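Peer 1: Structure for this input, please:
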Amino acid sequence: MRIRIVDAFSERPFAGNPAGVVLLDSGTFPDDAWLQQVAAEVNLAETAFAHPLPEGGDADWALRWLTPATEVDMCGHATLATAHVLHSTGTATGTVRFRTRSGVLTTTVGDGGAITMDFPTAPLTPVEVPAVVKDALGAEIRSAHDTGPQVGDLLVELADEKSVRALSPDLRALAGHGGRGVIATAPAEDPDAGYDFVSRCFFPAVGIDEDPVTGSAHTALAPFWSARLGRDSLVGLQGAARTGFVRTTLRGERTELTGTAVTVIDGELLAAP
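Peer 2: Reported below is the predicted structural model:
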């Protein structure tokens, strides 16, 4: 079967967030152990596995996401990567509906090849900053929010963009704080830079020290910054060594995430289930 590596939330190779994509011919997923072994072999933040569903249902494809260590409930960049593969290979056109652990998620291709994903908006609940997170980040934290069960992160607001870019957290300490990980964010320093806020995401508890560009995190970042900036449509810049842009549009209980992707590797997976 074919396996591809796709750089999501990027218009060029070697930027954005790479994801593995495996499109399965069968109508069911292989054994969970095989899926996890493939994800560990690919060793990227997530590998997406998808298989077609019968016509006439509520979704067109079943989709799952696995890190090198575990399966996750929601992943934006690997969904974008999967939609990109489906459209770039002619396997699908128009709107594609995915059945996932987070319900049915839809993707639509727009002008210029940008893909818009419809995701549930993360509920934000103000919380006290755990001491372990404060110590592990080593930066001034202005506020903290729980992002709900589907995202499962702690969203922390830092003083400024420089503080986010300068983070060098104690990853071992962060891994033990509970939940998937930590999203650190701040407003853009330059209002004319082409983005409205910055973020970095650390998920050592699920085998990802730092995720370059995290779609699911933006379902929490969108309502957080829309409330502060007074606009429903924003652009987020995420990442340190690799960066990417996520366009967000808040629509109440749903958040639209828009980005582009590029296939970097297209190969054959020989270790069949």
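Peer 1: what pairs with the residue nearest to Leu158 when sequence neighbours are not counted across the strands?
Peer 2: Counting by CB to CB, 6 or more residues apart in numbering, Leu158 lies nearest to Ala186, which is 4.7 Å off, once chain neighbours are set aside. Just so you know, the C-beta spots here come from the backbone N, C-alpha and C atoms, and that holds for glycine as well. Beta-bridge partners of Ala186, counted by DSSP bridges, are Val198.
Peer 1: mind listing what Ala186 touches?
Peer 2: Glu157, Leu158, Ala159, Asp160, Glu161, Ser163, Val164, Phe197, Val198 (CB atoms under 8 Å, 6 or more residues apart in numbering).
Peer 1: one more time with 10 Å, if that's ok
Peer 2: 139, 142, 156-165, 197-200, 225 (CB atoms under 10 Å, 6 or more residues apart in numbering).
Peer 1: Weed out the non-buried ones from these.
Peer 2: Buried members of the contacts of Ala186, scored by 16 or more other CB atoms under 10 Å, are 139, 156-158, 160-161, 163-164, 197-200, 225.
Peer 1: Pick the one among these closest to Gly112.
Peer 2: Closest approach to Gly112 among those (CB to CB): Phe197, at 23.4 Å.
Peer 1: quick one: that closest one from Ala188, how far?
Peer 2: Applying CB to CB, to the nearest Å, the value for Phe197 to Ala188 is 6 Å.
Peer 1: joint contacts of those two?
Peer 2: With CB under 10 Å, 6+ apart, Phe197 and Ala188 have common neighbours Glu161, Trp225, Leu229, Leu234, Val235, Gly236, Leu237.
Peer 1: Just the ones of these in helices?
Peer 2: Glu161, Trp225, Leu229 (DSSP state H).
Peer 1: pLDDT and distance to Ala122 for the residues you listed - can I get that in CSV?
Peer 2: CSV is the format used below for these (pLDDT from 0 to 100; distance: CB to CB, whole Å):
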residue, pLDDT, distance to Ala122
Glu161, 98, 22
Trp225, 98, 12
Leu229, 97, 17
